[in-house]
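>>> prediction below, plus the sequence it came from.
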Amino acid sequence: MGRRGLLTAALLLCFLAVCSGRELAIKQNPSTTIYNSTLAQILVEYAAAIYTADLTELFTWTCARCGDLIKGFEMIEIIVDVENCLQAYVGFASDINAVIVVFRGTQENSIQNWIEDLLWKQLDLDYPGMPEAMVHRGFYAAYHNTTLRDGVVSGIQKTREAYGDIPIMITGHSMGGAMASFCALDLVVNYGLDGVKLMTFGQPRIGNAAFASYFKTYLPQAIRVTHAHDIVPHLPPYFAFFPQKTYHHFPREVWVHNVGLGTLVYSIEKICDDSGEDPTCCRSVIGNSVRDHIYYLGVSMHAEDWSSCRIVMDYSKLRYQMDLNGNLVLSKQPALSNDRGFSAQ
Ligand SMILES: *[C@@H]1O[C@H](CO)[C@@H](O)[C@H](O)[C@H]1NC(C)=O
Ligand SMILES: *[C@@H]1O[C@H](CO)[C@@H](O)[C@H](O)[C@H]1NC(C)=O
């Protein structure tokens, strides 16, 4: 066996060790308790499903992206803020026994424009009740100042009434990850809910260092998955020489990237430190890829229709409520609660 063969064999061994290490639930190994890659794979599928263009397919869970890995899911509510072109859904996942809350990323005409825009986002809002904490007003308002907040909270309440105080898993990709983060914090701080878990994919920074430190206190288990050279987690910029004044990620990042040697390429999930800005994670490479932003854990996060905010649905088939601004809430009663007389809804 030549040198190269030995090296390959050694790598293969490490690889196997990493893989099997992940399956074993060794209590001493912090990585299995911090980051659960099986759960990540499930949540990324939910985060991808919201990019389905046809709301009827999404609501009835018949979309191409829905049936694949995620059986046993019951949609409870889809909230569409037509005015602001935003969307979220809430449902019950029986296989992992949790409420699932998903926020959709940007729907603007061009993801490139949205990314360029991120370069100039200011820290322009004091986060209420948290001295020194500043956040980006646009991301904050997209969750707090639209129909999403009420819709999501009522969807969670409805699901928990039917299925008990099960964990609430909040996720989203890109700007959807930013909204998911504000939602998770809101549920803990303002609604006092327990069992709130957050995992986002390719989200931008949303606040400053003081905000990140509050965030860590309230949501110590939060996970931000980043991918290879994805540009979005690098934005708005963080300046290492000015760490208190600029945007600052909350922990904990998990950086998924490929390591390759010849034909042997495999994916590593690096659990980063708890600073939020681990210099050995995605910050160790240049964030220059839009393509890496669109693929997470092997799942395409590409919107079926980037071109508009138009609503595709069969109005005759779905039950919905519309407010004066044309915003929609599609909702179902949880299957378990049919006998409980929720007909007033
Ligand atoms: C990881 O998550 C999956 C799905 O929720 C669960 O079945 C499994 O027990 C978890 N593993 C660990 C080590 O917590
Ligand atoms: C929310 O909307 C209200 C009314 O339009 C506005 O006055 C307020 O500044 C907005 N809040 C944020 C944080 O943007």
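Here it is on my side, so go on. Ligands and ions are numbered 1, 2, ... in the order given.

>>> say whether ligand 1 is contacted by stretch 157-171.
No - judged by C-beta under 6 Å from any ligand atom, stretch 157-171 makes no contact with ligand 1; its nearest approach is 8.8 Å. Every residue, glycine included, has its C-beta placed from N, CA and C.

>>> next one: that stretch to chain centre, how far?
Relative to the chain's own centre, stretch 157-171 is displaced by 17 Å; criterion: C-alpha atoms, centre = their mean, to the nearest Å.

>>> only the C-alpha atoms, please, for that stretch, written as CSV.
This file holds the C-alpha atoms of stretch 157-171, laid out as CSV (Å, rounded to 0.1, in the frame of the first residue of the first chain):
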residue,chain,number,x,y,z
GLN,A,157,-51.5,27.2,21.2
LYS,A,158,-53.9,25.2,19.2
THR,A,159,-51.4,22.4,18.6
ARG,A,160,-50.4,22.2,22.2
GLU,A,161,-54.0,22.2,23.4
ALA,A,162,-54.5,19.1,21.3
TYR,A,163,-51.2,17.3,21.8
GLY,A,164,-50.0,18.5,25.2
ASP,A,165,-46.9,20.5,26.2
ILE,A,166,-44.6,19.0,23.6
PRO,A,167,-41.4,20.8,22.4
ILE,A,168,-41.7,23.6,19.9
MET,A,169,-39.1,23.4,17.1
ILE,A,170,-38.7,26.6,15.2
THR,A,171,-36.8,26.7,12.0
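
>>> pull out the buried residues from it.
Using 16 or more other C-beta atoms under 10 Å as the test for burial, stretch 157-171 gives 158-160, 162-163, 166, 168-171.

>>> with distance to Ser37 as extra columns, can I get those in a markdown table?
Below are those laid out as a markdown table (distance: C-beta to C-beta, whole Å):
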| residue | distance to Ser37 |
| --- | --- |
| Lys158 | 30 |
| Thr159 | 25 |
| Arg160 | 27 |
| Ala162 | 29 |
| Tyr163 | 25 |
| Ile166 | 21 |
| Ile168 | 20 |
| Met169 | 15 |
| Ile170 | 18 |
| Thr171 | 14 |
